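Engineer: Sequence unavailable; structure follows:
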Ligand code: F6R
């Protein structure tokens with residue numbers, strides 16, 4: 001694992017966007033798995049600007065959704081589906097056939113998990129995953145206590161995730177379950193970028209980088225990844241710097 005600390009969110013986002021562009025330039029049919037949320041938002045804006053201005057071609061790439069709130073439809077602006085459509089797929093002009101997201105309204109969620117795992121296998125694995133870190137150390141919706149041996153699965157959301165997740169929605173919503181790629185996907189991905197910014201992430205960043213690797217803190221598994229990169233801004237690094 002490599003840790004890079006940036007002066008600010010802009011620097012971090014620029015670096016993450018460059019990594020994504022580097023992958024697509026080396027491998028035009030690369031498979032990307034992108035988190036939603038606040039942390040990668042600027043990365044996606046920079047990426048889509050650069051792609052439009054410099055003609056970076058994503059038309060042969062595939063996109064895998066990292067996770068989704070069970071029961072929330074794609075039409076809801078708080079859904080991961082809506083976020084990715086708005087911030088990534090539409091700006092980059094990605095065709096529907098190359099977008100592989102969980103259907104969190106499915107009556108057969110285990111089958112959703114199974115077909116996602118099959119899709120990833122068929123595409124030859126994920127080349128780059130861009131993930132954020134939850135306030136409880138989750139990655140995707142791999143909540144504290146999750147087995148690192150799981151591929152896609154449905155999970156009961158931690159109380160903190162249920163509460164923090166309200167920030168993405170216009171009104172109060174019930175967020176009880178998530179459907180997510182597993183830590184096994186995370187560990188098998190060729191390149192993982194974990195991004196975090198802002199002082200509110202400083203404590204969980206310190207714990208994720210300094211505590212023992214454990215399923216009680218899923219983000220610690222980034223340290224088991226042979227090609228994992230952690231990009232944080234100085235605010236999120238605050239407690240690390242103080243500890244040194
Ligand atoms: C979202 C996801 C989550 C978020 C995490 C951080 O697709 O996978 O794990 O990355 O909760 O969210 P933000 O960036 O909003 O702080």
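Structural biologist: That came in fine, so what should we check first? All figures in this text were calculated on a predicted structure; none of them were measured in a lab.

Engineer: What mean pLDDT does the longest helix seen in the chain get?
Structural biologist: What stands out as the longest helix in the chain, according to DSSP state H, is helix 9-26. For helix 9-26, mean pLDDT rounds to 98.

Engineer: Repeat that for stretch 143-158.
Structural biologist: Across stretch 143-158, pLDDT averages out at 98.

Engineer: so how far is the first residue of that stretch from its last?
Structural biologist: Looking at stretch 143-158, the gap from its leading to its trailing residue is 7 Å under the measure Cα to Cα, to the nearest Å.

Engineer: Any buried residues in that stretch, and which?
Structural biologist: Using 16 or more other Cβ atoms under 10 Å as the burial criterion, the residues of stretch 143-158 that qualify are 143-144, 146, 148, 150-155, 157-158. For glycine as for every other residue, the C-beta is placed from the backbone atoms N, C-alpha and C.

Engineer: Distance from the chain centre to stretch 217-233, please.
Structural biologist: 12 Å (Cα atoms, centre = their mean, to the nearest Å).

Engineer: any idea which of the buried residues of stretch 143-158 is closest to the ligand?
Structural biologist: Minimum separation from the ligand among the buried residues of stretch 143-158 (Cβ to the nearest ligand atom) is found for residue 143, which lies at 9.5 Å.

Engineer: ok, that closest one to residue 187 distance?
Structural biologist: Using Cβ to Cβ, to the nearest Å, one gets 17 Å for the distance from residue 143 to residue 187.

Engineer: any chance you could map the strands in this protein?
Structural biologist: Taking DSSP state E as the test, the strands found in the chain are 2-6, 31-34, 62-65, 67-69, 99-100, 128-132, 153-156, 177-180, 191-196, 228-233.

Engineer: so which of those comes closest to the ligand?
Structural biologist: strand 128-132 (2.6 Å).

Engineer: Partner strands of the closest one and their direction?
Structural biologist: Paired neighbours of strand 128-132 in the sheet (DSSP bridges): strand 31-34 (parallel), strand 191-196 (parallel).

Engineer: I appreciate the help and will end here.
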